[in-house]
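A.B. asks: just to be clear, the model below is a prediction. Sequence and coordinates:
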Amino acid sequence: MSQIAAIDGRPLGRRAQQTRRRLLDATYDLLQSHGIRDVRVVEVARQVGTSPATFYQYFRDVDEAVLVLADEAAADVEPIAHLLDEPWNGKGGLDAARALVDGYFRFWDDHRAVMRVRNLAADEGDDRFRDVRNRTLGQVTDRIARSVADNQRAGRVSPDITPYSAAAAMVSMLERMASYHFDLEPRGVTRADLVETTARILHHTVTGRKP
């Protein structure tokens with residue numbers, strides 16, 4: 001594990017790490033009520049009770065602080081991705097798919113503001129955020145692709161399907177539904193409806209079987 005360092009490369013002691021953490025938490029809090037373009041270093045520093053100069057000891061700008069938050073959030077996807085480590089062909093397969101979709105929705109609910117900034121910056125061409133997004137999504141995409149390929153070799157999934165393309169489509173669906181589910185509620189679509197429907201599509205794509 002790499003040691004946390006200041007902008008000038010100096011390793012951070014315990015108190016400095018605590019200050020850095022408080023700045024990250026303040027950035028996270030401000031993102032809940034402000035767009036990324038409206039979060040200012042002076043506001044982050046004020047919320048922590050310190051100066052902008054202190055902020056700049058740890059981060060070059062607000063974007064860099066959000067990048068750290070996005071990178072930290074990626075760790076929460078790991079246990080969700082591990083739900084694909086066991087085959088989904090048995091009785092518990094659909095339950096595992098439901099757990100994965102529900103877990104991914106919860107991940108987005110917990111980190112919604114940060115994920116939106118991550119995706120916006122990545123789509124605008126920021127390679128740093130694109131790399132974090134690719135590493136985060138890759139945990140799920142790679143496992144789905146392996147599962148599809150395994151079932152394809154067993155004759156359960158159509159040979160016309162490209163495993164990684166199928167995996168990318170499924171992860172795109174997960175991302176979109178997780179980010180969008182609140183907007184569908186006025187149309188009478190509940191979160192439970194979306195989890196069930198998305199899980200069934202995912203399960204069928206991975207296994208080739210109708211649940």
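C.D. replies: Happy to help now that I have it. Owing to the predicted nature of the structure, the values given are computational and were not obtained by experimental measurement.
A.B. asks: distance check, Ala73 against Thr136.
C.D. replies: 7 Å (C-beta to C-beta, to the nearest Å). Every C-beta, even on glycine, is put in place using the N, C-alpha and C of the backbone.
A.B. asks: in contact with Ile144, which residues?
C.D. replies: Residues near Ile144 by C-beta atoms under 8 Å, 6 or more residues apart in numbering: 84, 166-167, 170-171, 202, 205-206.
A.B. asks: mind checking which of Ala73 and Thr136 has more residues around it?
C.D. replies: Thr136 (25 against 19; other C-beta atoms under 10 Å).
A.B. asks: give me the element the more buried one is part of.
C.D. replies: helix 127-153 (DSSP states H and E).
A.B. asks: related to what we said a few turns ago, return the member of the contacts of Ile144 nearest to Asp193.
C.D. replies: Distance to Asp193 across the contacts of Ile144 (C-beta to C-beta) is lowest for Leu202, with 14.8 Å.
A.B. asks: distance of the closest one relative to Leu84?
C.D. replies: When Leu202 is compared with Leu84 (using C-beta to C-beta), they lie 10 Å apart.
A.B. asks: go on, Ser179?
C.D. replies: In terms of C-beta to C-beta, Ser179 sits 21 Å off from Leu84.
A.B. asks: and the lengthiest helix in the chain, what does it pack against?
C.D. replies: Ranked by residue count under DSSP state H, the longest helix found in the chain is helix 93-123. Judged by 3 or more C-beta pairs under 8 Å, 6 or more residues apart in numbering; DSSP states H and E, the packing partners of helix 93-123 are helix 14-31, helix 62-73, helix 78-81, helix 127-153, helix 163-184, helix 191-207.
A.B. asks: quick check: angle from the first one to helix 62-73?
C.D. replies: Read that as helix 14-31. Interaxial angle, helix 14-31 versus helix 62-73 (axes from the mean of the first three to the mean of the last three C-alpha atoms, to 10 degrees): 100 degrees.
A.B. asks: got a list of contacts for the following helix or strand past helix 14-31?
C.D. replies: The C-terminal neighbour of helix 14-31 among helices and strands, as given by DSSP H and E, is helix 41-48. The contact list for helix 41-48 (C-beta under 8 Å, 6+ apart) reads 19, 22-23, 26-27, 29-30, 51-52, 54-56, 61-62, 65.
A.B. asks: what comes up buried for helix 41-48?
C.D. replies: Neighbour-count burial for helix 41-48 flags 41, 43-45, 48 (criterion: 16 or more other C-beta atoms under 10 Å).
A.B. asks: now swap in stretch 138-145 and tell me
C.D. replies: 138-141, 143-145.
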